[in-house]
Every structure is written in structure tokens, then in C-alpha cells.
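A.B. asks: pasting a predicted model and its sequence here:
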Amino acid sequence: MTKKIINNDVLLANIIKGIEEVKGNDIDILDLRDLDTAVCDYFIICNGNSNTQVNAIVNSIQKIVSKELKDKPWHIEGTDNAEWVLMDYVNIVVHVFQKHIREYYNIESLWGDAKITTIENKY
């Protein structure tokens, strides 16, 4: 059985919707498509204020993407301590951080050549 192809733009929109549903903060989309060393097309980075909110963001993303697109992440890791959860949708990798952990690792600077789009909070 082959995996159906899902449009990156549609998946991005549903992931953002999942983050916003539970008031995830500081949403950045890193477009990695023009980078030779990129492991995927996009990173989506956001943060929550606690491990409870980080897990709520992850669960919200999974629920919305599953309901709207009938898709699920290929891999998820980090939910045990919920300081940094990585959700791998193959072409799109979502990083959900607690704020202090995001500041410490500063992934945006590691991928400084990527085009970064910041999504303004609606709340």
C-alpha cells in the first residue's frame, strides 16, 4: 500500500491551525527547500509555556491533521518530558518547545540561510 501524497501547503496550514487551536506561541516556518543540506522541505517551530501546553499543541496538531487529511506523523519523540517535541511528517518537521529550551537551542540561527516566515498570533 502506498502512502498518499499530501500537498505541503495544505499540511502546513493544518499544522498551523493545530498550533493556534491551543494558543501556541512564536510560530515560525523555515523554508529549507533551497538548502543543499536540508533534511526536509520545512521546519515549523513554536513554543508553549509548560510541558502541559507543549503536549496539548502536539495532540492538537495530530488531531487536526488526522481529521482533515487522514495523515499521521511518521515519527514523534520527546513527549515524555515535553520540553522539545519533534513531529516528523517527512516533508515537514514540527518542533514544539518550551520557551526556555527554544531559546537555548536557537534552531532558527542554525538554519540561518532558510527563509523564515513568522505567523502572527491571532490571540
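C.D. replies: Yep, it's here. Quantities reported herein were computed from a predicted structural model and do not represent experimental measurements.
A.B. asks: residue 78 contacts residue 87, doesn't it?
C.D. replies: No: the pair residue 78 and residue 87 fails to qualify as a contact (C-beta atoms under 8 Å) at a distance of 9.0 Å. For glycine as for every other residue, the C-beta is placed from the backbone atoms N, C-alpha and C.
A.B. asks: between these two, point out the one with more neighbours.
C.D. replies: Higher neighbour count among residue 78 and residue 87: residue 87, with 25 against 18, using other C-beta atoms under 10 Å.
A.B. asks: quick one: distance of the helix or strand harbouring the more buried one to the chain centre.
C.D. replies: Secondary structure assignment for residue 87, by DSSP states H and E: strand 84-88. Between the centre of strand 84-88 and the centre of its chain there are 7 Å (C-alpha atoms, centre = their mean, to the nearest Å).
A.B. asks: which stretches of this protein have low pLDDT?
C.D. replies: Counting by pLDDT under 70, the chain contains low-confidence ranges at 1-5.
A.B. asks: buried ones in stretch 75-88?
C.D. replies: Neighbour counts over stretch 75-88 (16 or more other C-beta atoms under 10 Å) mark 76, 78, 82, 84, 85, 86, 87 as buried.
A.B. asks: closest one of the residues you listed to residue 37?
C.D. replies: Checking the buried residues of stretch 75-88 against residue 37 by C-beta to C-beta gives residue 86 as the nearest, at 17.8 Å.
A.B. asks: what number of residues lie near residue 119?
C.D. replies: Applying other C-beta under 10 Å, we find 16 other residues in the vicinity of residue 119.
A.B. asks: ignore the last one, residue 43
C.D. replies: With other C-beta under 10 Å as criterion, residue 43 counts 23.
A.B. asks: rewinding a little: tell me which other helices or strands the helix or strand following the strand holding residue 87 touches.
C.D. replies: Reading on from strand 84-88 to the C-terminus, the next helix or strand found by DSSP H and E is strand 92-98. Where contact means 3 or more C-beta pairs under 8 Å, 6 or more residues apart in numbering; DSSP states H and E, strand 92-98 is packed against helix 8-21, strand 42-48, helix 51-69, strand 84-88.
A.B. asks: deepest-packed of the ones you listed, please.
C.D. replies: Comparing these by mean neighbour count (mean count of other C-beta atoms under 10 Å), strand 42-48 comes out on top with a mean of 24.
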